[in-house]
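J.: Need a 3D model of the following:
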Amino acid sequence: MSSLALLHASQLVTLAGPARPRVGREMAELSIIRDGGMLIREGKIDIVGRSEELEKNLTGLTGQVSGEASEIQIVDLGGHVVLPGFVDAHTHLVFAGNRLEDFERRARGETYEQIAKAGGGIWSTVEKTRAASEQELFERARKHVDWFLQCGATTIEAKSGYGLTVEDELKILRVIRRLNEEGPLEIVPTFLGAHAVPRGSSPDEYVDLVINEMLPRVASEKLAEFCDVFCERGYFDVDQARRVLAAAKRVGLKLRGHVDQLTNSGGAGLMAEVGAMTADHLERTDKDGIASLKAANVQPVLLPGSVYALGSTAYPRARDMVEAGLEIVLATDFNPGSSPTPSMPMILSLACSQMKVSPAEAITAATINAAYSLNRGDKVGSLEPGKLANFTVFDCDDYREIAYWFGFPQARSVYLRGQRVL
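T.: As a prediction, the model looks like this:
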């Protein structure tokens, strides 16, 4: 693999800093190098610095290593912004069909819960996903992967949850594994068997199926790193969610949770109690829930795209969370019903305009903090020597423009392991 030198970024947003998620004032410290550049070798970042220093380094390399100069590809960034590739820590990547009927119903004023009771919502996607073959799901999800790349993401988390039978949940997870093996994007798999209660089953009966049949198969086939559960009124209550997460922990999966999205049902407290890596959504979480997350060092994953798409105004209390010292994460919640967007720049815009997160804090939440929430902080999320050369070049000269201009893709090029993929 040849070496790559990138020179003359207007702002090389490195996020260099302590080897952990950033909190409080640290979230606004992006470690920007003006007129910055990088030298990349064998898919990893070797040198980061000002372009003039890197150019001197390249001259030195020419004299030291016979023939190496011809193998160094030099890219002039032309005064554009370079960021670590976005790390999207909450997506529902694999599904069939769409939910256009739900979209129209919301436009007429129906709520998420009303639509679900009428046969829409998660269940409508479950029916379509069950009917699709593994190959059909793969082809559809591969298109979704392209969308994420076009928006500057280089690592994403992806959940199952639209099967709700043993074989259909495994089918979704196998598609995720194949996408990882055959595509450029790194995908972190999460088992979300407890996403909804299938028709003809009670919540407790279905929880037994998840615990006794699904989780053992997922663990034995090594199809997931995390287990998630939708703890919400009309889905799974705190006790049922606790049972699922405890069983997942016993088989070696790390824990995440959809909590406090529609109601404040005590989900944040549950995630703190079970030692989860993240608590996701948190639209209805109050100060006590925030305190619980802080005490247990659980990272909040905030999903403003779902608030926007559902026509709600109940955005998570991001400002309170930052000031409480929580290591917040921003993610798209890409899914066909409540957040049909793969665009992290759009999420940054919503975070800034609706949750009073600064542009710098939003960048941190979508890169280095998100990487740590997926156990990838030592590999991705910042542009530092030794890390993977996953980065995006944006068609702007100030990082704040990424959230400022919204509704269209600004990614000019995307690199994974030093190879241009867009």
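
J.: CA atoms for contacts and neighbours, from now on please.
T.: Fine.

J.: Count the neighbours of residue 109 for me.
T.: 11 (other C-alpha atoms under 10 Å).

J.: residue ranges with poor pLDDT in the stretch 201-350 of the chain?
T.: Regions of the stretch 201-350 of the chain meeting the criterion pLDDT under 70 are absent.

J.: Hmm, residue 210 and residue 194 touching each other?
T.: Yes: taking contacts as C-alpha atoms under 8 Å, residue 194 lies within contact range of residue 210: 7.0 Å.

J.: got any residues that touch both of those two?
T.: The contact sets of residue 194 and residue 210 overlap at residue 244 (C-alpha atoms under 8 Å, 6 or more residues apart in numbering).

J.: Give me the more crowded residue out of these two.
T.: residue 194 (29 against 23).

J.: Bridge partners for that one, pull those for me.
T.: residue 229 (DSSP bridges).

J.: again with residue 158
T.: In this entry, residue 158 is beta-bridged to residue 189, by DSSP bridges.

J.: Looks like it contacts residue 192 (just checking).
T.: No: using C-alpha under 8 Å, residue 158 makes no contact with residue 192, being 9.5 Å away.

J.: Return the residues in contact with residue 302.
T.: Shown in contact with residue 302 (C-alpha under 8 Å, 6+ apart): 280-282, 316, 318, 328-331.

J.: correction: residue 307
T.: By C-alpha under 8 Å, 6+ apart, the neighbours of residue 307 are 313-315, 338.

J.: Filter those down to the buried ones.
T.: Listed as buried from the contacts of residue 307 are 314-315, 338; burial here means 16 or more other C-alpha atoms under 10 Å.

J.: Okay, buried residues for stretch 362-375 please.
T.: 362-374.

J.: among the residues you listed, which are in helices?
T.: Per DSSP state H, helices hold the following members of these: 362-365, 368-373.

J.: Could I get the residues you listed in a markdown table, plus columns for distance to residue 135 and pLDDT?
T.: Below are these laid out as a markdown table (distance: C-alpha to C-alpha, whole Å; pLDDT from 0 to 100):
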| residue | distance to residue 135 | pLDDT |
| --- | --- | --- |
| 362 | 36 | 98 |
| 363 | 35 | 98 |
| 364 | 36 | 98 |
| 365 | 34 | 99 |
| 368 | 34 | 99 |
| 369 | 34 | 99 |
| 370 | 30 | 99 |
| 371 | 30 | 99 |
| 372 | 32 | 98 |
| 373 | 30 | 98 |
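
J.: Now tabulate the residues you listed in a markdown table and tack on distance to residue 47.
T.: Shown next, in a markdown table, are those (distance: C-alpha to C-alpha, whole Å):
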| residue | distance to residue 47 |
| --- | --- |
| 362 | 26 |
| 363 | 22 |
| 364 | 21 |
| 365 | 24 |
| 368 | 19 |
| 369 | 22 |
| 370 | 24 |
| 371 | 21 |
| 372 | 22 |
| 373 | 26 |
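
J.: quick one: the strands in the stretch 1-150 of the chain?
T.: 4-13, 32-41, 44-50, 73-76, 81-84, 86-88 (DSSP state E, counting those that start in this stretch).

J.: Just put those in TSV and tack on distance to residue 178.
T.: Below are those laid out as TSV (distance: least, C-alpha to C-alpha, whole Å):
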stretch	distance to residue 178
strand 4-13	29
strand 32-41	27
strand 44-50	24
strand 73-76	31
strand 81-84	25
strand 86-88	19
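
J.: Out of these, which is closest to residue 306?
T.: Of all the strands of the stretch 1-150 of the chain, it is strand 86-88 that lies closest to residue 306, at 14.2 Å by C-alpha to C-alpha.

J.: So in that sheet, which strands flank the closest one, and in what orientation?
T.: strand 153-159 (parallel).

J.: ok, and what's touching the next helix or strand after the partner strand?
T.: As assigned by DSSP states H and E, the chain's next helix or strand after strand 153-159 is helix 166-182. Helix 166-182 is contacted by residues 94-95, 130, 134, 137-138, 142, 158-163, 185-187, 189, 191, 193, 210, 213-214, 218, 223-224 when judged by C-alpha under 8 Å, 6+ apart.

J.: OK, contacts around residue 73?
T.: By C-alpha under 8 Å, 6+ apart, residue 73 lies in contact with 2-5.

J.: Closest one of the buried ones among the contacts of residue 307 to residue 407?
T.: Nearest to residue 407 among those is residue 338, at 17.7 Å by C-alpha to C-alpha.

J.: now residue 41, which residues is it bridged with?
T.: As for beta bridges, residue 41 partners with residue 44 under DSSP bridges.

J.: circling back to that earlier point, quickly name whichever of the contacts of residue 302 is closest to residue 295.
T.: Residue 295 lies nearest to residue 328 out of the contacts of residue 302, by C-alpha to C-alpha, at 14.3 Å.

J.: how about the nearest residue to the closest one, chain neighbours excluded?
T.: Leaving aside its chain neighbours, residue 328 sits nearest to residue 300 (5.1 Å; criterion: C-alpha to C-alpha, 6 or more residues apart in numbering).

J.: is it true that the one you found touches residue 278?
T.: Yes: counting by C-alpha under 8 Å, residue 278 is a contact partner of residue 300 at 5.6 Å.

J.: related to what we said a few turns ago, can you say which of the strands of the stretch 1-150 of the chain is nearest to residue 149?
T.: Proximity to residue 149 (C-alpha to C-alpha) singles out strand 86-88 among the strands of the stretch 1-150 of the chain, at 9.3 Å.

J.: ok, and what's touching that closest one?
T.: Taking C-alpha under 8 Å, 6+ apart as the rule, strand 86-88 contacts 152-157, 330-332, 344, 366-368, 370-371, 381, 391.

J.: That strand: how far from the chain's middle?
T.: 5 Å (C-alpha atoms, centre = their mean, to the nearest Å).

J.: Over it, what's the mean pLDDT, rounded is fine.
T.: Over the span of strand 86-88, the pLDDT mean works out to 98.

J.: Check stretch 412-422 too.
T.: Per-region confidence: stretch 412-422 scores 97 on mean pLDDT.

J.: And for stretch 40-59?
T.: Stretch 40-59 comes out at a mean pLDDT of 93.

J.: let's have the chain start at 569 instead
T.: Understood, numbering begins at 569; the last thing we discussed is stretch 608-627.
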